[in-house]
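Peer 1: any chance you can model this:
(chains A and B)
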Amino acid sequence: MKINLLILFTLSIFRFSFSETTVLRMIGPEDIGNAWHTIIEQFEKQNPDIKIKYISGPWSTDERQNMYIRSFLGKEPVEIVYMDVTWTAKFAENGWLVPLDKWFTKDLEKEFIQSAVDAGRYKGKIYRIPVRADVGVLYYRKDIVKNPPRTWEEFEEICSKIPENMYCLSFQGMQYEGLVCNFFEYFWGAGGTFFKNGKLNLNSQATVEALKFMKNLIDKGYSPKSVITFQEQHSLNFFMEGKSVFMRNWPYAWNILNKENSKLKGKVGISPVLHKNGFESHGTLGGWGLGIAKGVKNLEAAWKFIEFATSENSQRILHFRRGAVPSRKNLFFDEKILEESPHYKELYKILLNAKPRPVHPEYPKISDTLQKHISAVLVGIETPKEATEIIYKTIDGILKGEKENYLKRIFYDYTLWRTSINTVYFTIISVPIEFLLGLAISLLINLKIKGRNLARLGVLIPWALPTAVMAMSWQWMFNNPFGVINDVLIKIGILNQPFDWLSSPEGAMFAAIFADVWKTTPFVVIILLSGLQSIPKELLESISIDGAKGFTKFWNVTFPLLLPFVRVALIFRLIHAAGIFDLIWVLTKGGPADSTKTIAIYIYDLAFRYDEIGYAIFLTIIFLIILVLLTIFIIRITTLKYEKIK
Amino acid sequence: MKKFLIYSGIFAVVFYCLLPFIWTVITAFKPPDEVFSLPVKYLPSKLSFENFENVFYKRPFFTYIKNSLIVSFGGTLLTILLAAIISFKLRYMPVSKALSIQKWLLIGAIIPPTVLVIPIFLIIKELNLVNNYLGLILSYTFLNLPFGIWMLYAAFMKIPKELDEAALIDGFKKSGILFKIILPLSKPGLSVATILTFIFCWNEFLIALTLMPDETKYTVPVGISMLSGVSVYEIPWGEINAAVTITVLPIIVIIAIFQKWIIEGLTSGGVKG
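Peer 2: Here you go, the predicted model:
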């Protein structure tokens, strides 16, 4: 009896200590160089009762932010928030983060680079401790250019003299956050400030000039046209292959450029980003930091990890393993680090001059607006002046808080109108094509011939395959330069040179419609086929005897009998085309410059990216009403005709 | 001549329908470095399985498949079970009333998922079922139930009602009649409904994306789509095409095997887009 009790007692102790283990999760990009795993291993050795789970998320920062937001909304927050500078304000404003002032003392703060710390502060409280700092810099080829340009003017002068087979500048021109970072550097470099006397100052000359300069880079051939598809990695590849003299990028590129097998080893220098004559250079401050999600039970454990991960030791690991720039001042004077990265001297100066992007809870929307219109300028849809005006108006509206009245908001919601037009355009082009093609195919495979079963199987397949997955297939086929579609079109002489399907507005819309026709025509075929089979054969035969032939027979007999099926097919197709999401979301993400963004994607973004679920529901209801009206309208017109013929 | 035209027409249709799939398979079997070769190679120089290995080795593709299987089987099972019970109830109603109920159900089924995703998310969140298989299974059941009822009702109505009466006299309970007599007798309709519901669940993207934000809970379509979103050189196209092939091939096989039933089932019952 006693022994039994003893066993029970020890068991309960064990159980107690097992359940004491705290598991903390964090989301980051793929752990290159195993840096994070090393840090976590060391930490877990010191703290055996805490387990850290590093979730390897997608490369895209936006996508990882969405993962965090969805986890906050879903009541199961990911405990350790590994965040970009721009997320802090929004996350803090929504009450998703725990303030860290209790632990982050003034003495501790002094050890970090001030601007990197400040980026984690919102309304006087600290929410994010910097792990790594980042700043936009200009890389140049030391073997081609002796003195790097400081100003726009010097830059243009050098660019007119570079080797002929090279471009001048490689930068990030795709519609995403990186584009905004590039833009702000030109904007600040032309004397721009986001706010002036507490008022939005984006309608200043600096915006127009920054946009003009960026557009010029492409127009004058300083940068390749394909720069509008570049993110960091792509612009780095371009530079590494020796195709450009300069590159705007982040410090991480240094290590890659100076690797053993790199063609550019030892040939690259860094300097501050460009500015306009008479102004100052400011690189965009980037970097990552750690915070704690609200709702975490074991706060002490979470802070322990943050303290450990932001320590000199961990930052050194991050530096050596994946080229992360430290956020602690000391490390910039660390001999070992300087020996390996002599450029840190220059980098430190650049960092002290770095500017953060506007710290505002609505930053995601501000950035989105900027991305769209900068992209629109680069692609040539908007002039710098037009874009400046729209940017100012949209962002001013965002800042003034459009939360007042949804009904009012509809009328100045520029994105809503844009996406509505896209949706209508997509629907009225794709549905008639699908319908006519579907009708032709169904008539063809309704013929009594050998092999029609095979044809029917073929037709079933696109209908049965997953849209989102096949959208990847189409994205691959429309790829430039590796896609098969460009290759075929050039071979048969329709195109002279590869066309950028997915990164030009017309091309992207065409690709979306083309893929949708492929995917949904079979649906029309299936419905119409069942209609054709419901028509009694005797009827058709007797009419043939009466002398009706070909088209007359089809128009006067077959088609009217088919009308109920036509109606079903049309209603389904119209409604689903108007609500299209999967295909475009995967194929183009709504880009470039929002040219393929549909209402459904916009509403989804509102709900799950901008946390505006109220407005999203309001728009959903209006959308639903429109769909119902549309359905009634179709039923009316198809029924009327049917009765007339009767 | 006319025959030639017809056959070339049919060939064109089949080729067009299979085109993306064919190209994906070709790409998937290329050695990884040939995927990005210029000019584009139309056939792999040798058959390589490296892309397939990478999909499983480098990415948590097994987890995605496991998740997809769980929610698809769960969703299908629950949908078919509920649809069978409801259709069985409808069977005893006057046909006109049963049809008008179904009409309303079908109108509900026309509403695109994009309109439903926000309410579904809010409900599932309230139930604390985000990142939980059950949340997705319940949503799939809700979305596919009208279709399931439509198909099963049509199948059940082909069985004469006298059979039920005879079974009642033989001492069967009502549930016994449904599971031991009606369901076995409506095998073709039941299989088509099951197969198609399974395919709908397997293919679904939007709801899975929203209700399962945790990477360890991604279904296959979400997992594959998350590989994109980065610029041209970063996208692992070889692996993506391998993943697409693995996802899509079972569906094509199933469709090929059950082709005749599916076409019959679809053309006599309802169709979902």
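
Peer 1: and residue A:634, its phi and psi?
Peer 2: phi -70, psi -40 (degrees, to the nearest 10).

Peer 1: wouldn't it be in contact with residue A:572 here?
Peer 2: No: no contact is recorded between residue A:634 and residue A:572 when judged using Cβ atoms under 8 Å, the distance being 10.3 Å. Just so you know, the C-beta spots here come from the backbone N, C-alpha and C atoms, and that holds for glycine as well.

Peer 1: higher neighbour count, these two?
Peer 2: residue A:572 (21 against 17; other Cβ atoms under 10 Å in any protein chain shown).

Peer 1: now for residue A:493, how many residues are close by?
Peer 2: Residues lying near residue A:493 (other Cβ under 10 Å) number 7.

Peer 1: just list what the strand or helix carrying residue B:22 packs against, helices and strands only.
Peer 2: Assigning secondary structure by DSSP states H and E places residue B:22 in helix B:2-28. Applying 3 or more Cβ pairs under 8 Å, 6 or more residues apart in numbering or on different chains; DSSP states H and E, one finds that helix B:2-28 contacts helix A:414-445, helix A:452-464, helix A:467-477, helix A:505-534, helix B:237-268.

Peer 1: let's see that with 10 Å instead.
Peer 2: Applying 3 or more Cβ pairs under 10 Å, 6 or more residues apart in numbering or on different chains; DSSP states H and E, one finds that helix B:2-28 contacts helix A:414-445, helix A:452-464, helix A:467-477, helix A:484-491, helix A:505-534, helix B:32-35, helix B:50-58, helix B:237-268.

Peer 1: reformat these as JSON lines; add mean neighbour count and mean pLDDT.
Peer 2: As requested, the helices and strands packed on helix B:2-28 are exported to JSON lines (neighbours: other Cβ atoms under 10 Å in any protein chain shown; pLDDT from 0 to 100):
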{"stretch": "helix A:414-445", "mean neighbour count": "19", "mean pLDDT": "90"}
{"stretch": "helix A:452-464", "mean neighbour count": "20", "mean pLDDT": "85"}
{"stretch": "helix A:467-477", "mean neighbour count": "26", "mean pLDDT": "90"}
{"stretch": "helix A:484-491", "mean neighbour count": "17", "mean pLDDT": "86"}
{"stretch": "helix A:505-534", "mean neighbour count": "22", "mean pLDDT": "89"}
{"stretch": "helix B:32-35", "mean neighbour count": "16", "mean pLDDT": "79"}
{"stretch": "helix B:50-58", "mean neighbour count": "17", "mean pLDDT": "84"}
{"stretch": "helix B:237-268", "mean neighbour count": "20", "mean pLDDT": "84"}
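
Peer 1: what's the closest of the ones you listed to residue B:86?
Peer 2: Of all those, the one in closest proximity to residue B:86, counting by Cβ to Cβ, is helix B:237-268 (18.1 Å).

Peer 1: rewinding a little: chain center to the helix holding residue B:22, what's the gap?
Peer 2: Between the centre of helix B:2-28 and the centre of its host chain there is 23 Å, according to Cα atoms, centre = their mean, to the nearest Å.
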